[in-house]
Structures are given as structure tokens and as C-alpha cells.
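S.K.: Output the structure for:
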Amino acid sequence: MIGTILRRELSDRYELRALDRKRIPRFESVAANLAKGGRRADRAFAGCDAVVDLAGVAAVDTPWEVVRRNNIPATMNTLEAASRHGVARVVYASSNHVTGLYERDDPYARIVAGDYAGLEPGGFRRITIADPIRPDGPYGLGKAFGEAAARYYADERGLSAVCLRIGTCKGSDRPERPRDFATLLTHGDLVRLVVAALEAPDSVRFGTFYGVSANTWRFWEIDDACEAIGYEPADDAEQFR
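M.R.: Okay, the predicted model is just below:
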């Protein structure tokens with residue numbers, strides 16, 4: 001879904017090429033299994049200025065065997081091919097589930113449940129990228145690995161890497177349960193976030209940022225994303241109450 005949104009919204013801004021297991025009709029695309037690598041997948045990176053890595057099974061309940069066999073190899077093959085072909089920047093779609101277990105703690109657990117009694121918006125400490133990772137399952141573990149791998153390629157190979165801990169992005173583009181009022185990332189803000197990451201200054205060699213709209217009840221900090229890469233969310237889930 002995220003790839004479809006970005007392809008639709010960014011095609012007028014950039015010259016795009018897709019890499020997927022199947023060719024995309026009426027769109028420049030390469031059909032290859034990135035988890036397995038190979039020459040066909042590698043050639044897709046030739047001549048690219050930047051890569052947005054959305055590869056992998058995205059379901060939160062993805063079992064470890066699938067993460068180990070598919071998601072992690074796809075991430076490593078992306079970073080390796082980007083480095084080999086001189087790609088300037090990789091934008092890695094990480095996930096808020098890298099720190100998902102904080103949502104068992106107060107006040108985040110109450111916000112997730114939609115229980116705001118005694119709370120004020122912004123009156124609690126938001127989770128930042130400086131907080132230790134607390135993955136809530138194999139999917140989050142795989143994304144944490146991807147962030148670490150991106151850091152390695154930035155430090156050791158000189159590849160600029162921006163990791164985005166994507167919030168809740170729905171096909172309906174609106175909240176569907178209480179948690180979503182804190183974690184929603186609208187389609188419009190998703191595009192703004194990815195554009196900001198792609199067009200961030202060359203001085204940004206590595207960064208990890210939460211991707212969430214300017215929701216009244218958000219509990220992830222995004223001031224650093226605003227400052228470092230110029231991300232300016234325009235939407236608030238409260239508009240759907």
C-alpha cells in the first residue's frame with residue numbers, strides 16, 4: 001500500500017523505477033526477488049540517485065522465520081546493491097514496532113486504549129529515538145536489525161541512510177481504532193516525510209526518525225525530524241473525531 005501511495009504521488013516529482021516480485025503494468029519496473037538477490041535485482045539499482053526501501057513482509061505478526069528468511073536478506077541486499085552502485089541515499093522504511101513495548105507502560109497504554117482521563121496532550125514525555133529499542137515481536141526485531149545495518153553502511157561505506165519509523169498508515173487514510181488517534185500517519189504526511197528524507201541536506205549521513213502526523217495525542221517525538229530533515233506534518237487525527 002505504501003509503495004502504491006508513493007508511486008502515485010511522487011511520479012511527477014521524480015523519475016521512478018520500481019523493484020518488485022512482479023512487474024508493475026505501465027510503469028518502469030524490474031521483476032526480481034530482492035531477498036534472493038541476483039543480477040536482475042542488482043541491475044535495478046544502477047543509475048539511481050536514491051532508494052526508498054519498502055521491501056519485506058509488512059504484517060506486524062510476521063513470524064520470525066519469514067523475517068529471517070525474507071525481510072532481513074532483502075534489507076541487506078538493498079544496502080549492498082546501493083553501496084555498490086554509488087547510490088547517494090537510502091531511505092529505509094523502519095517501523096514504530098522497534099519500540100512497541102513502551103506501549104505497555106503508562107501513560108502510553110492508556111492513550112493506546114483511548115483513555116485520556118487525567119492526561120493533557122503533550123503533558124507527558126514522548127518517546128524519542130534516544131530511548132532504548134523495545135521491539136514488540138519478530139517484525140520489530142527485523143526492523144531494528146535494518147536500522148543497525150543502515151548505520152553500519154553509513155559509517156563504514158559512506159552511504160547516507162535515513163531510517164523512518166513509520167506509524168499507522170491506513171488504506172482508509174483515517175483512524176480505525178483508538179490507538180490510531182495517536183499513531184496515524186496520513187497519506188499526505190507520508191509523502192511529506194519521504195520527500196523530506198530524500199531531499200535532506202547532504203550533511204545528513206545517518207538519521208532515525210519517527211514518522212507520524214501532528215496528532216494531538218501522539219507519543220513519539222518528531223521535533224528532531226523537523227529540525228534535521230525538514231519534515232513538517234500537516235494533519236492531525238483529531239480531525240476525524
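S.K.: tell me the phi and psi of residue 96?
M.R.: Main-chain torsions, residue 96, degrees, to the nearest 10: phi -60, psi -20.
S.K.: so it sits right up against residue 208, yeah?
M.R.: No: using CB atoms under 8 Å, residue 96 is not in contact with residue 208; the gap is 11.5 Å. All C-beta spots, glycine's among them, are computed from the backbone N, C-alpha and C.
S.K.: what separates stretch 198-215 from the chain centre, distance-wise?
M.R.: 10 Å (CA atoms, centre = their mean, to the nearest Å).
S.K.: Now for residue 222: which residues touch it?
M.R.: 209, 210, 212, 214, 231, 233 (CB atoms under 8 Å, 6 or more residues apart in numbering).
S.K.: of residue 96 and residue 208, who's got more company?
M.R.: Set residue 96 next to residue 208 and count neighbours by other CB atoms under 10 Å: residue 96 wins out with 25 against 19.
S.K.: hang on, the earlier thing: any chance of a ChimeraX selection covering the buried ones in the contacts of residue 222?
M.R.: A single ChimeraX command selects the buried members of those (16 or more other CB atoms under 10 Å):
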select :209,210,212,214,231,233
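S.K.: with the contacts of residue 222 in mind, which one is nearest to residue 76?
M.R.: residue 209 (21.7 Å; CB to CB).
S.K.: Can you name the helix or strand that the closest one falls in?
M.R.: According to DSSP states H and E, residue 209 maps onto strand 206-211.
S.K.: tell me what that strand is packed against?
M.R.: Identification of packing neighbours for strand 206-211 by 3 or more CB pairs under 8 Å, 6 or more residues apart in numbering; DSSP states H and E yields helix 138-157, strand 160-166, helix 187-198, helix 223-229.
S.K.: what's the most buried one of these?
M.R.: Most buried of the helices and strands packed on strand 206-211, by mean neighbour count (mean count of other CB atoms under 10 Å): strand 160-166, with a mean of 26.
S.K.: pLDDT averaged over the helix or strand just after it, what's the number?
M.R.: Later in the chain than strand 160-166, the nearest helix or strand by DSSP H and E is helix 180-183. When pLDDT is averaged along helix 180-183, the result is 98.
S.K.: Show me what helix 180-183 is in contact with.
M.R.: Under CB under 8 Å, 6+ apart, the answer for helix 180-183 is 96, 111-112, 114, 167-168, 170, 174-175, 212, 215-220, 237-238, 240-241.
S.K.: quick revisit: so which of the helices and strands packed on strand 206-211 comes closest to residue 53?
M.R.: Comparing the helices and strands packed on strand 206-211 against residue 53 with CB to CB, the closest turns out to be helix 138-157 (8.0 Å).
S.K.: And for the closest one, what's in contact with it?
M.R.: 53, 56, 58-64, 66-68, 71-72, 75-76, 79, 82-83, 90, 92, 94-95, 97-100, 133, 135, 159-161, 163, 165, 205-206, 208.
S.K.: what touches both of residue 96 and residue 208?
M.R.: Taking CB under 8 Å, 6+ apart as the contact rule, residue 96 and residue 208 both touch residue 165.
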